[in-house]
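> Need coordinates for the following:
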Amino acid sequence: GVGMLPVICVVIGAELPIFGRLVRTATLKVRELPYVDAAESMGATRAWVLRKHVVPNILDAVIVQLALSASMAVFISSAMNFIGIGVRPPSPSLGGVLAGAMAQLGTNDMYAIGPLLVIVMLVLGFQLIAQALLAERRHGGDAS
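Modelled structure (predicted):
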């Protein structure tokens, strides 16, 4: 069908397996570290080890993947709207604007460049947000 729900389902369906593999791989890697074994040998429960050791150590990878997924979501939704299976007009969408600009491509190229620039700025914005979050997390929230 068309509309916002199919776009959301396609984006989630495309990105969910990536997050699953990432979390599983990172969790298995952290579980093998010596301090996790030490915490378990001292009597720590699995929930405590998960909360105190595993989740904080896999969070960086998840944040980076979230930024990549947000960028991919912009591309997927724009592509779906461009070919006509996303949201329908009069609802605004970058892909819909770009599809409308294709008829004017011979007379004025700027109609197509505008939506393309917005897509590029969104992708770069998501990447910069992820980098800032990672930098703040690594430096412990220092203002310097």
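> and Ala132, how many neighbours?
By other Cβ atoms under 10 Å, the residues close to Ala132 number 10. Where you see a C-beta, it was placed from the backbone N, CA and C, and this is true even at glycine.
> I'd like the numbering to begin with 206 instead of 1 from here.
All set: I'll call the first residue 206, so the last point we hit is now Ala337.
> Give me the mean pLDDT for the strand or helix carrying it.
Taking DSSP states H and E as the definition, one finds Ala337 inside helix 315-343. The average pLDDT within helix 315-343 is 82.
> Kindly report the same for stretch 218-230.
Along stretch 218-230, the predicted confidence averages to a pLDDT of 92.
> Can I get that stretch in CSV, CA atoms only?
Listed next in CSV are the C-alpha coordinates belonging to stretch 218-230 (Å, rounded to 0.1, in the frame of the first residue of the first chain):
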residue,chain,number,x,y,z
GLY,A,218,12.4,-4.2,8.2
ALA,A,219,15.6,-3.2,6.4
GLU,A,220,17.4,-2.0,9.5
LEU,A,221,16.3,-4.3,12.3
PRO,A,222,18.5,-7.3,11.2
ILE,A,223,21.5,-5.1,11.2
PHE,A,224,20.9,-3.9,14.8
GLY,A,225,20.2,-7.5,15.8
ARG,A,226,23.5,-8.8,14.4
LEU,A,227,25.4,-5.8,15.8
VAL,A,228,24.1,-6.2,19.4
ARG,A,229,24.6,-9.9,19.3
THR,A,230,28.1,-9.7,18.1
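> And it, what's buried?
Residues of stretch 218-230 classed as buried under the neighbour-count rule (16 or more other Cβ atoms under 10 Å) are 220, 228.
> same check, this time on stretch 292-310
By neighbour count with 16+ other Cβ under 10 Å, stretch 292-310 contains the buried residues 292, 298-304, 306.
> Please report the distance of the residue sitting furthest away from the middle of the chain from Trp253.
Relative to the average C-alpha location in the chain, and by Cα atoms, centre = their mean, no residue lies farther out than Met247, which sits at 37.5 Å. For Met247, the distance to Trp253 (Cβ to Cβ, to the nearest Å) stands at 10 Å.
> Surely Gly286 and Pro297 touch.
For residue 286 the amino acid is Asn, not Gly. No - in terms of Cβ atoms under 8 Å, Asn286 does not count as a neighbour of Pro297; the distance is 9.5 Å.
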